[in-house]
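Peer 1: Build me a model from this:
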Amino acid sequence: MGELDGRVAIVTGAGRGIGEQVARKLAAAGAHVVVSDRDGAEAEAVVAGLQTAGHAHVGDLTAPGVCDALVASAVATFGGLDIVVNNAGYAWDGPLHKVTDEQYQAMLDIHTIVPFRVLRAAAPHLREAAKAERAEGREVFRKVVNVTSLAGVMGNAGQTAYASGKGAIVGLTRATAKEWGALKINVNCVAFGVIDTRLIAPVGEAGEIPAGDTGGTITLGVPAKVRESFGLAIPLGRPATPEEAARGVYFLCSPASDYVHGQVLNVSGGLSLGMAG
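Peer 2: Below you'll find the model as predicted:
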């Protein structure tokens, strides 16, 4: 028996990295996971490796209607919804005086608008079930975990746009926690430090991703000197693996966190200088 047997979860940005590891952990505990990603091949590959029946939902979450379709697909496939992990995101960096309107909006879109739309679409399915249980005198906890970054909590030079989007999701988390607490829907945030994903791979080794809807691309990765500095800045001496990062998210999805609400959990190896996750 897994502690999440029969639960239904959505994990965005789950085709690789932290999101993939979160999906795997939830499934290993018995949950049915809807793997959301814009890369269909990656999403399908993750679903194929889950320990429970899963479902891939492919689409650009920033496009109109896609967040609603994601939630609808979870309910249609598995009959309900219990866990939402808003993990999808990327960094498009630059100093404030060089950030374009399109760049700034793109960071708000993926890090703030998308989680809002997903939660708005999920609200009836989370809230109505909770109301029925409350009327019956039963206490059943559901979970929302939003992913932020130390850059969103403390700021980071060169990441004004990214930090703005990641900071706003903290406000969304805390306000939603106050609205949904009486329904036993735990709403929390995880703030990552430096995680060893393609976002911090050596420049030139991790490829490119679309730059919002501009038609351009963003080269992923960081310079060698920046990578070398991680060991000195992080008290534990190294970046986290995606699997280690996913443990913090899993905790907030599990019964162990039933009395944790409206919080920001730093998963950063002790780093507190606002480096981006």
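Peer 1: ok, Leu119 - how many residues close by?
Peer 2: Neighbour count of Leu119, defined by other CB atoms under 10 Å: 22. (C-beta placed from N, C-alpha, C; glycine too.)
Peer 1: Contact partners for it?
Peer 2: The neighbourhood of Leu119, defined by CB atoms under 8 Å, 6 or more residues apart in numbering, consists of 84, 86, 144, 172, 176.
Peer 1: and those residues, which of them are in helices?
Peer 2: Under the assignment DSSP state H, the contacts of Leu119 contribute 172, 176 to helices.
Peer 1: Greatest separation within the contacts of Leu119: which pair is it?
Peer 2: Val84 and Leu172 (12.3 Å; CB to CB).
Peer 1: out of those two, which sits in the busier spot?
Peer 2: Val84 (31 against 21).
Peer 1: what is the rounded mean pLDDT of the host helix or strand of Phe230?
Peer 2: Assessed by DSSP states H and E, Phe230 sits inside helix 224-233. Helix 224-233 shows a mean pLDDT of 74.
Peer 1: Past that helix, which element shows up next along the chain?
Peer 2: Of the helices and strands lying after helix 224-233 in sequence (DSSP H and E), the nearest is helix 242-253.
Peer 1: Which of the residues in that following helix are classified as buried?
Peer 2: Within helix 242-253, the residues scored as buried using 16 or more other CB atoms under 10 Å are 242, 244-246, 248-253.
Peer 1: repeat for stretch 42-57
Peer 2: Those would be 42-47, 50, 52, 54-57, for stretch 42-57 by 16+ other CB under 10 Å.
Peer 1: And the contacts of that stretch?
Peer 2: Here stretch 42-57 has contacts from 14-16, 20, 23-24, 27-28, 30-37, 40, 58, 69-70, 73-74, 77-78, using CB under 8 Å, 6+ apart.
Peer 1: of those residues, buried ones?
Peer 2: 14-16, 20, 23-24, 27, 31-37, 58, 70, 73-74, 78.
Peer 1: From those residues, which land in helices?
Peer 2: Reading helices off those with DSSP H, I get 20, 23-24, 27, 70, 73-74, 78.
Peer 1: which of these lies closest to Thr197?
Peer 2: For those, the nearest to Thr197 is Glu20 (9.9 Å; CB to CB).
Peer 1: hmm, back to that, dump the ones in helices among the buried ones among the contacts of stretch 42-57 to CSV, plus pLDDT.
Peer 2: As requested, these are exported to CSV (pLDDT from 0 to 100):
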residue, pLDDT
Glu20, 98
Ala23, 98
Arg24, 98
Ala27, 98
Leu70, 98
Ser73, 98
Ala74, 98
Phe78, 98
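Peer 1: Can I get the residues you listed in CSV including distance to Thr62?
Peer 2: Formatted as CSV, these follow (distance: CB to CB, whole Å):
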residue, distance to Thr62
Glu20, 20
Ala23, 21
Arg24, 25
Ala27, 26
Leu70, 12
Ser73, 17
Ala74, 19
Phe78, 25
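Peer 1: ok, of these, which one's closest to Gly155?
Peer 2: Glu20 (28.5 Å).
Peer 1: That closest one touches Pro242, doesn't it?
Peer 2: Yes - the pair Glu20 / Pro242 is scored as a contact, 7.1 Å apart, by CB atoms under 8 Å.
Peer 1: got the residue ranges for the helices in the stretch 51-200 of the chain?
Peer 2: Applying DSSP state H, counting those that start in this stretch to the stretch 51-200 of the chain gives helices spanning 66-78, 101-108, 114-135, 150-154, 160-180.
Peer 1: Just tell me which of these ends up closest to Ser229.
Peer 2: helix 150-154 (14.8 Å).
Peer 1: if we can go back for a sec, if we only consider the ones in helices among the buried ones among the contacts of stretch 42-57, which is nearest to Gln105?
Peer 2: Leu70 (21.2 Å).
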